[in-house]
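Trainee: 3D, please:
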Amino acid sequence: MIGIREWMRDLLVSRGALVESEEGDGIRALLPADVAAELGAGEWISLDFGTRPGADDAFEWMERMQRLLPAHVIVAGAQLRSLGPAPQVDVASMLSSEFAIQNGVYRFVEEFATTANYLFFLFQYTVVSDERSMGFVTVCLNADAQSMAPLPENFLRMVRSQLQEAEPSASPDTMAALYPAAAKEAQREIRKHLTRIQENAGRRLARDSERVESYYRGLLSQIEKRIAKRTNDPEAAAKERSRAAATEADCQAKLEDLRRKYSLHVQAGLASVLAVRAPVRQISLRLMRKKQERQRMLHWNPALRTLEPVLCESCSAPAHPLYLCERVHCLCRECWAPCAACGRFFCRACQQRCSCGGKAS
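Mentor: Next up, the predicted model:
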């Protein structure tokens, strides 16, 4: 996930500011007059998003920075200043260690140097609970190989200094076709971040719930004592029992308010797309299962020095290890799984339900 400081730095630079990063989580910038006016700031800003006393409120500044963004999704293009060929790689060794088919085999066809269209999708998300937080997730997809580049922030950081502005290397139709896969991966990454936030909210909910329950237990205990003293006065005892029921209902209402307070509400949306053409080693393979086969190309990423996992043709998740159906669809483990009803494996790209009529597991 991209850091808040990096996002702010890139945004300010794109608007003509001179920016330098400080130690820790700090940032200093000399702003053009129009940018300073939009932010409601002076010519110089010095921000510190650390945990020290007196640190700046990152959420407040991110809301301010949003004034610098256009109303529509930003689509930008870039290319490397030098598009030299990707270095050669020991294909046999690399495939042996990085490529795995669980229920089929492959045969090497050829490999050569080429370039590929990479799409960096930047998603912004906001989490609202008893506290608010905001963050960014970057997903990088290889439009030519239909694969996913791991560690997209690292990839972009490695090539950033070599980039120069250019027309987007991928068409709007290609970006639209790959957007669902990028959005699903962003959701998976956001869920990982939400786990920590949810754990913290759960601890605060448990703490506050215990305080509320302890308070109302004390009230109910006093009411029960009064009821015990009024055994000879049925009318007074009935009033106390009614008061106990109202107190119990009030306790449950307070607990429900706490659950609403600490529940998580997440909003996420696409902020920008960066299309970059970069060198790769293209590897062609014949994928085979039973009597069927299919040729598929893979890309080895020289910046990350890794073989990019292909996208599952059912759910668009990275398919590593790779599973094949009888029609040689490339699948992830979840999309080549047994039917919950009959236990038969079936391809979710070929059919939504098993032939036995049971729902997909």
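
Trainee: Could you pull out the helices in the protein for me?
Mentor: 4-14, 33-39, 58-65, 91-98, 152-159, 172-229, 234-262 (DSSP state H).

Trainee: JSON lines for those helices, including mean neighbour count, distance to residue 273 and mean pLDDT?
Mentor: Bear in mind the C-beta positions are built from the backbone N, C-alpha and C, glycine included. As requested, the helices of the chain are arranged in JSON lines below (neighbours: other CB atoms under 10 Å; distance: least, CB to CB, whole Å; pLDDT from 0 to 100):
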{"stretch": "helix 4-14", "mean neighbour count": "18", "distance to residue 273": "14", "mean pLDDT": "75"}
{"stretch": "helix 33-39", "mean neighbour count": "15", "distance to residue 273": "23", "mean pLDDT": "86"}
{"stretch": "helix 58-65", "mean neighbour count": "16", "distance to residue 273": "19", "mean pLDDT": "75"}
{"stretch": "helix 91-98", "mean neighbour count": "13", "distance to residue 273": "28", "mean pLDDT": "93"}
{"stretch": "helix 152-159", "mean neighbour count": "18", "distance to residue 273": "12", "mean pLDDT": "89"}
{"stretch": "helix 172-229", "mean neighbour count": "14", "distance to residue 273": "6", "mean pLDDT": "89"}
{"stretch": "helix 234-262", "mean neighbour count": "13", "distance to residue 273": "35", "mean pLDDT": "90"}
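
Trainee: Figure out which of those helices is closest to residue 350.
Mentor: For these, the distance to residue 350 is smallest for helix 172-229, at 18.7 Å, taking CB to CB.

Trainee: Could you name the helices and strands sitting against that closest one?
Mentor: strand 105-128, strand 132-142, helix 234-262, strand 265-289 (3 or more CB pairs under 8 Å, 6 or more residues apart in numbering; DSSP states H and E).

Trainee: These into CSV, with extra columns for distance to residue 344?
Mentor: Shown next, in CSV, are the helices and strands packed on helix 172-229 (distance: least, CB to CB, whole Å):
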stretch, distance to residue 344
strand 105-128, 22
strand 132-142, 32
helix 234-262, 41
strand 265-289, 16
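
Trainee: can I get the helices of the chain in JSON lines with distance to residue 136?
Mentor: Converted to JSON lines, the helices of the chain look like this (distance: least, CB to CB, whole Å):
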{"stretch": "helix 4-14", "distance to residue 136": "5"}
{"stretch": "helix 33-39", "distance to residue 136": "19"}
{"stretch": "helix 58-65", "distance to residue 136": "10"}
{"stretch": "helix 91-98", "distance to residue 136": "28"}
{"stretch": "helix 152-159", "distance to residue 136": "9"}
{"stretch": "helix 172-229", "distance to residue 136": "10"}
{"stretch": "helix 234-262", "distance to residue 136": "24"}
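
Trainee: out of the ones you listed, nearest to residue 324?
Mentor: Residue 324 lies closest to helix 91-98 among those, at 15.7 Å (CB to CB).

Trainee: The closest one packs against which elements?
Mentor: strand 105-128, strand 265-289, strand 306-307.

Trainee: Run the chain-centre distance for the longest one.
Mentor: Computed by CA atoms, centre = their mean, to the nearest Å, the chain-centroid distance of strand 265-289 equals 15 Å.

Trainee: got the angle for it vs strand 105-128?
Mentor: Relative orientation of strand 265-289 versus strand 105-128 (axes from the mean of the first three to the mean of the last three CA atoms, to 10 degrees): 180 degrees.

Trainee: helices and strands around strand 265-289, which ones?
Mentor: strand 74-80, helix 91-98, strand 105-128, helix 152-159, helix 172-229, strand 292-301.

Trainee: Each with direction, which strands does that strand pair with?
Mentor: Using DSSP bridges, strand 265-289 pairs in its sheet with strand 74-80 (parallel), strand 105-128 (antiparallel), strand 292-301 (antiparallel).

Trainee: Looking at those strands, which is nearest to residue 45?
Mentor: strand 105-128 (21.0 Å).

Trainee: hang on, residue 251 packs against residue 216?
Mentor: Yes - assessed by CB atoms under 8 Å, residue 251 is found in contact with residue 216 at 3.9 Å.

Trainee: For the nearest residue to residue 334 once chain neighbours are set aside, list the residues it contacts.
Mentor: Excluding its sequence neighbours, the residue lying closest to residue 334 (CB to CB, 6 or more residues apart in numbering) is residue 315, at 6.8 Å. Residue 315 makes contact with 184, 332, 334, 335, 348, according to CB atoms under 8 Å, 6 or more residues apart in numbering.
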